[in-house]
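J.: Sequence and predicted structure below; questions after.
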Amino acid sequence: MATQYVVFSLNDQCYGVEIFKIKEVFSYRKITPLPHVKGFVKGIINLRGVILPVFDLREKFGLPSADYTPFHVIIVVEIAGRVMGVIADEISDVVEIQADDFQNTGNLPPGISREYLAGVGRKDDMMTILLDVDRLLSQEELEMVDAT
């Protein structure tokens with residue numbers, strides 16, 4: 001059985017999210033910062049009358065920060081029943097990963113944080129880190145996002 005993933009990049013690394021978890025994708029737009037909100041939550045945006053919190057996976061994953069440009073994208077996803085935006089460098093592809101091309105996280109080197117990883121997908125010569133969106137944020141982080 002195959003599953004479709006939307007592949008996006010952060011710091012030249014490919015990540016994938018199951019396509020059904022993505023509501024929409026649009027070009028980066030100005031984010032309104034919120035006072036007293038720290039860390040990876042960058043602020044909020046107004047998307048057709050709906051206020052969405054937006055966060056940066058670069059900070060969540062401990063990657064180097066980047067200046068946002070119009071070429072960045074905001075991916076609207078549903079995480080644990082909440083709709084929010086995630087900033088990514090770009091969307092590169094939609095791939096179908098067969099069960100034979102899926103590797104679970106047990107084979108990854110020690111020291112890699114696995115709590116939000118579904119596995120690693122291989123398509124042709126490309127390796128994609130597959131994210132488990134519902135486990136991407138801890139309960140404490142979800143509460144912080146809810147407070148925004």
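T.: Ah, there it is.
J.: Going by C-alpha atoms from here, please, whenever you check contacts or count neighbours.
T.: Fine.
J.: ranges for the helices of this structure?
T.: 57-60, 139-147 (DSSP state H).
J.: weakest of those by average pLDDT?
T.: Among the helices of the chain, helix 139-147 carries the lowest mean pLDDT, at a mean of 73.
J.: picking that back up, which of the helices of the chain sits most buried?
T.: helix 57-60 (a mean of 16; mean count of other Cα atoms under 10 Å).
J.: tell me, how many neighbours does residue 27 end up with?
T.: Residue 27 has 14 neighbouring residues, counting by other Cα atoms under 10 Å.
J.: scratch that, residue 48
T.: 6.
J.: residue contacts, it?
T.: Not one residue lies near residue 48 by Cα atoms under 8 Å, 6 or more residues apart in numbering.
J.: That one and residue 40, how far apart?
T.: 24 Å (Cα to Cα, to the nearest Å).
J.: just residue 32 next, same as before
T.: Distance, residue 32 to residue 40, by Cα to Cα: 14 Å.
J.: Kindly report the same for residue 4.
T.: Taken as Cα to Cα, the span from residue 4 to residue 40 is 27 Å.
J.: which one of those two has more residues nearby?
T.: Using other Cα under 10 Å as the criterion, residue 4 and residue 40 rank with residue 40 on top: 18 against 15.
J.: shouldn't the more buried one be in contact with residue 59?
T.: Yes: with contact defined as Cα atoms under 8 Å, residue 40 and residue 59 form a contacting pair (5.2 Å).
J.: re the thing from before, Throw the helices of the chain into JSON lines and include distance to residue 27, thanks.
T.: JSON lines is the format used below for the helices of the chain (distance: least, Cα to Cα, whole Å):
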{"stretch": "helix 57-60", "distance to residue 27": "16"}
{"stretch": "helix 139-147", "distance to residue 27": "22"}
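J.: Ok, which of the ones you listed comes nearest residue 67?
T.: Comparison of the helices of the chain against residue 67 by Cα to Cα identifies helix 57-60 as nearest, at 11.3 Å.
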